[in-house]
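[1] 3D model of this:
(one chain, ligands or ions: 2)
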Amino acid sequence: MLTLKHITKKYKDKTALDDVSLELDCGIYGLLGPNGAGKSTLMNIITGNIKPTGGSVLWDGADIRELGAHFRSVIGYAPQQQGLYNSFSGRRFLSYMAALKGIPKKEVRSEIERVLSYVNMQEAADRAIGGYSGGMKQRILIAQAILGNPKLIVLDEPTAGLDPKERVRVREQIKTLAGNKIILVSTHVVSDIAPIAKEILLIRSGHVIDRDTVESLCLKYGESRDLEEVYMHIFGEEEQYAGR
Ligand code: ADP
Ligand code: MG
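    Ligands and ions are numbered 1, 2, ... in the order given. Sure thing, here's the model as predicted:
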């Protein structure tokens, strides 16, 4: 169980997150909102990569600041800014990440094979990442995030920059990850997440303005059958502003 208590993040005069409180249990959650809404900031705070200005993040009731290294073995995180090493092969990148995550040495080899086969990247595993397509890069990022079978998986815009076919493939792959864990996926593209999410968290200007099932959100906002319409109803102007 993941709990956020009154999370606020300020950058000088800019408030990126304003008093966000949430509780998430197992399932796939879509963090949906336009550019600049605060998705990446929220994910970076949940994963302990940046410190909030105020508030706390709890994992099973314990503050992540006190969990330290243990928390690192609980989470898998694929950042939006792809910190990929282009000269590394996919396999070398994974073994580097496995070391950072503290996966026991004797398990590393089999764990890498497991995640490679999971994302269907065995054949490309010995090629340099620099030569991968956008979809392959996202898949190796997902593979890295699921090393060690984390209970909390945070994927920041895993479908960004992908063509429509690849988007669907990545989405369906995320769906198969579901189980006894929390999966949080950010996007500003409704169709990337609506078909697989247990709940959608709508985020706007640093506030999580609502969270609910796709069905309930559709009923709540404008009696629409379609979350895309709901999204444009809520965020239309901001999306235009963001230049999409
Ligand atoms: P999203 O991921 O939803 O696009 P972000 O979390 O990246 O949104 O950003 C939320 C807001 O915080 C934006 O207005 C952004 O400009 C601002 N912001 C993010 N990171 C920084 C930073 N390092 N310094 C100053 N402002 C930032
Ligand atoms: Mg972002």
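
[2] any idea how far the closest residue to ligand 2 within the chain is from residue 79?
    Residue of the chain nearest ligand 2, by Cβ to the ion: residue 40 (3.2 Å). All C-beta atoms are positioned from the backbone trio N, CA, C, and that covers glycine. Distance, residue 40 to residue 79, using Cβ to Cβ, to the nearest Å: 8 Å.

[3] so what sits against both of those two?
    Common neighbours of residue 40 and residue 79 are listed as residue 156 (criterion: Cβ atoms under 8 Å, 6 or more residues apart in numbering).

[4] and stretch 14-27, C-alpha only, in PDB?
    The C-alpha trace of stretch 14-27 is given here as PDB (Å, rounded to 0.1, in the frame of the first residue of the first chain):
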ATOM      1  CA  LYS A  14       6.200  27.800  -8.800                       C
ATOM      2  CA  THR A  15       4.000  25.200  -7.000                       C
ATOM      3  CA  ALA A  16       4.300  21.900  -9.000                       C
ATOM      4  CA  LEU A  17       2.300  19.900  -6.500                       C
ATOM      5  CA  ASP A  18      -0.200  21.300  -4.100                       C
ATOM      6  CA  ASP A  19      -1.200  19.200  -1.100                       C
ATOM      7  CA  VAL A  20      -1.700  15.900  -2.800                       C
ATOM      8  CA  SER A  21      -3.000  13.100  -0.600                       C
ATOM      9  CA  LEU A  22      -3.600   9.600  -2.000                       C
ATOM     10  CA  GLU A  23      -3.900   5.900  -1.100                       C
ATOM     11  CA  LEU A  24      -3.200   3.300  -3.700                       C
ATOM     12  CA  ASP A  25      -3.500  -0.500  -3.300                       C
ATOM     13  CA  CYS A  26      -2.800  -3.200  -5.900                       C
ATOM     14  CA  GLY A  27      -3.700  -2.500  -9.500                       C
END
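
[5] so which bits of that stretch are buried?
    15, 16, 17, 18, 20, 22, 24 (16 or more other Cβ atoms under 10 Å).

[6] over to stretch 204-211?
    For stretch 204-211, by 16+ other Cβ under 10 Å, it's 204, 206, 207, 208, 210, 211.

[7] those residues of this structure touching ligand 1, which are they?
    Contacts of the chain with ligand 1, taken as Cβ under 6 Å from any ligand atom, map to 11, 14, 16, 33, 35, 36, 37, 38, 39, 40, 41.

[8] which SSE is the last one in?
    Using DSSP states H and E, residue 41 sits within helix 39-46.

[9] quick one: the helices in this structure, in order.
    Assigned by DSSP state H, the chain shows helices spanning 39-46, 64-67, 69-74, 90-100, 105-118, 134-145, 164-177, 190-193, 214-220, 227-241.

[10] pick out the shakiest of these, pLDDT-wise.
    Note on these: lowest mean pLDDT is at helix 227-241, with a mean of 79.

[11] how close does the residue positioned nearest the centre of the chain sit to residue 192?
    By Cα atoms, centre = their mean, the chain has its centre lying nearest to residue 155, at 2.0 Å. Residue 155 sits 10 Å away from residue 192, going by Cβ to Cβ.

[12] what do these two both touch?
    Jointly contacting residue 155 and residue 192 under the rule Cβ under 8 Å, 6+ apart are residue 185.
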